[in-house]
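Engineer: Sharing a model that was predicted from the sequence below.
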Amino acid sequence: MFEYTFNMAETLAIAVILLLLGKGIKKRVPILERFFIPAPVIGGTLFSIFMLIGHNTGTFTFNFDSILKDFLMVIFFTTIGFSASFELLKKGGIGVALFLAAATILVIIQDVVGVFLAKAFNLHPYIGLAAGSIPLTGGHGTSGAFGPVLEEAGAAGAFSVAIASATFGLVAGCLIGGPVAKRLLQKYNLKAKTTDEETGNSTIKLESDNPISEGTLFDSVVVISLAMGIGACIPVFSKKLGLVLPGYLGPMVIAAIIRNIADAQKKTLPMKEISIIGSISLSLFLSMALMSMKLWELAALALPLIVILLIQTVIMALFAYHITFRIMGKDYDAAVLATGHCGFGLGATPNAMANMETFTSVNGFSAKAFFVLPLVGSLFIDFVNASIITFFMNIFK
């Protein structure tokens, strides 16, 4: 068998090529665009299929440098930490707090169900987490981050399971959202508020209007670097206390602290630049993570995974219908948020927005829904989800 190990520069170059390939394919295949499948997932998965052929035929195998991949992962989650602003949470009002509470409850349910079903199939409980809130509420980014951690802890195939589950969730979330909201609309005879108009004024200002410059980019690199450097100490100390934390959780916490100190002192962080750096880091990280995915490890887990994901999908639909709708007020806005939560709880925020846009284009706009969901999805849920996942990992370690 031919075997080759790519160094850091070669690994980065291949990741970029696969990212560009994914972007090109996504433009030409409408269904990939419709379900918001990320470009690095497309390119990386194609390469992992190529790797599967080499493995099954015994002809070739490739190894990749992982140092840069892990570094990019920490950068991405550090930028997530900077978005966790309590000031914005207060400005969002009770609606944001209630939806965040609903999303948090769902995260816990997804992990409990995942672990329970994994044990029922005599699988490692971490496989249940890999088919729980990690890929469903978390998406591909969280899957790529936690997958290798779960595998290192003894859950063989957890990374492939998480990525496959995240991809399934993107599709399933779009498919169940419409029927859930339609049923709520008919059962409760709901109507859109006549005062709601799509004016663009129903959002909180999240970023500075200042143009991006070398100075603002440098400032963003400075605060990200400081958060990463200081935060790197937290997992080291926690390990001595017997608490296992993923490497990125410390930097994410420090970033959140820096953000809230800045808010309290009325200082403005370069959030636009921080967001761009995070987005680029995530794309490259996902491309690197998926191109080294071992698809052959999924074979033995195929049946249990299908069962777990189908049950998770049913739970999501029931939760949105009975819980999200009631928590958010049992009105038209709540129905729109229910369809959004289906896309959000199984896929990603863009899927949630697509669900809501499709529903409201026919039934009427909901200013509250389009205000609340993006705020929770883009600013708070990743932070909460990562904390809950870490808690479950330490329970079942």
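Structural biologist: Alright, I've got the coordinates. These numbers were taken from a predicted model, which means no experiment stands behind them.

Engineer: how close does Arg28 get to Pro350?
Structural biologist: Arg28 sits 19 Å away from Pro350, going by CB to CB, to the nearest Å. Every C-beta, even on glycine, is put in place using the N, C-alpha and C of the backbone.

Engineer: Equivalent analysis for Cys342, please.
Structural biologist: 13 Å.

Engineer: same deal with Lys69?
Structural biologist: To Pro350, Lys69 is 24 Å away according to CB to CB.

Engineer: Those two - which one has more neighbours?
Structural biologist: Counted by other CB atoms under 10 Å, Lys69 and Pro350 do not tie: Lys69 has more neighbours, with 23 against 18.

Engineer: helix or strand for the more buried one, which one?
Structural biologist: Element membership for Lys69, per DSSP states H and E: helix 67-82.

Engineer: Would you mark the buried spots in that helix?
Structural biologist: By 16 or more other CB atoms under 10 Å, the buried positions in helix 67-82 come out as 68-70, 72-82.

Engineer: Tell me the first helix or strand C-terminal of that helix.
Structural biologist: Sequence-wise, the next helix or strand downstream of helix 67-82 (DSSP H and E) is helix 86-120.

Engineer: Run the chain-centre distance for that following helix.
Structural biologist: Relative to the centre of its chain, helix 86-120 is centred 13 Å away, using CA atoms, centre = their mean, to the nearest Å.

Engineer: which helices and strands sit right next to it?
Structural biologist: Identification of packing neighbours for helix 86-120 by 3 or more CB pairs under 8 Å, 6 or more residues apart in numbering; DSSP states H and E yields helix 125-130, helix 249-264, helix 302-319, helix 325-327, helix 332-346, helix 367-375, helix 381-395.

Engineer: Show me what the fifth one is packed against.
Structural biologist: Secondary-structure packing of helix 332-346 (3+ CB pairs under 8 Å, 6+ apart): helix 86-120, helix 158-188, helix 302-319, helix 325-327, helix 349-363, helix 367-375.

Engineer: could you give the angle of that helix to helix 381-395?
Structural biologist: 50 degrees (axes from the mean of the first three to the mean of the last three CA atoms, to 10 degrees).

Engineer: swap in the longest one?
Structural biologist: With the same axes, to 10 degrees defining the directions, helix 302-319 sits at 130 degrees from helix 381-395.

Engineer: Where does pLDDT dip in the protein?
Structural biologist: The model of the chain has pLDDT under 70 over residues 195-209.

Engineer: burial measure for the closest residue to Asn363 other than its chain neighbours, as a count.
Structural biologist: Closest residue in space to Asn363, ignoring its immediate chain neighbours: Ala192 at 5.9 Å, by CB to CB, 6 or more residues apart in numbering. Ala192 has 18 neighbours, counted by other CB under 10 Å.

Engineer: Likewise for Ser83?
Structural biologist: For Ser83, using other CB under 10 Å, the count is 22.

Engineer: Now do the contacts for it.
Structural biologist: Counting by CB atoms under 8 Å, 6 or more residues apart in numbering, Ser83 makes contact with Arg259, Met271, Ser275, Ser378, Leu379, Phe380, Phe383.

Engineer: And those residues, which of them are buried?
Structural biologist: Among the contacts of Ser83, the ones that count as buried by 16+ other CB under 10 Å are Arg259, Met271, Ser275, Leu379, Phe380, Phe383.

Engineer: As TSV, those residues with distance to Phe218 would be great.
Structural biologist: Shown next, in TSV, are those (distance: CB to CB, whole Å):
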residue	distance to Phe218
Arg259	18
Met271	15
Ser275	16
Leu379	24
Phe380	28
Phe383	26
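
Engineer: between those residues, which is closest to Thr5?
Structural biologist: Within the buried ones among the contacts of Ser83, proximity to Thr5 (CB to CB) peaks at Ser275, which comes in at 34.0 Å.

Engineer: Tell me how far the closest one lies from Phe76.
Structural biologist: Counting by CB to CB, the gap from Ser275 to Phe76 is 11 Å.

Engineer: follow-up on the earlier one: mind putting the helices and strands packed on helix 86-120 in a markdown table, distance to Leu100 included?
Structural biologist: Converted to a markdown table, those look like this (distance: least, CB to CB, whole Å):
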| stretch | distance to Leu100 |
| --- | --- |
| helix 125-130 | 21 |
| helix 249-264 | 15 |
| helix 302-319 | 15 |
| helix 325-327 | 10 |
| helix 332-346 | 11 |
| helix 367-375 | 9 |
| helix 381-395 | 7 |
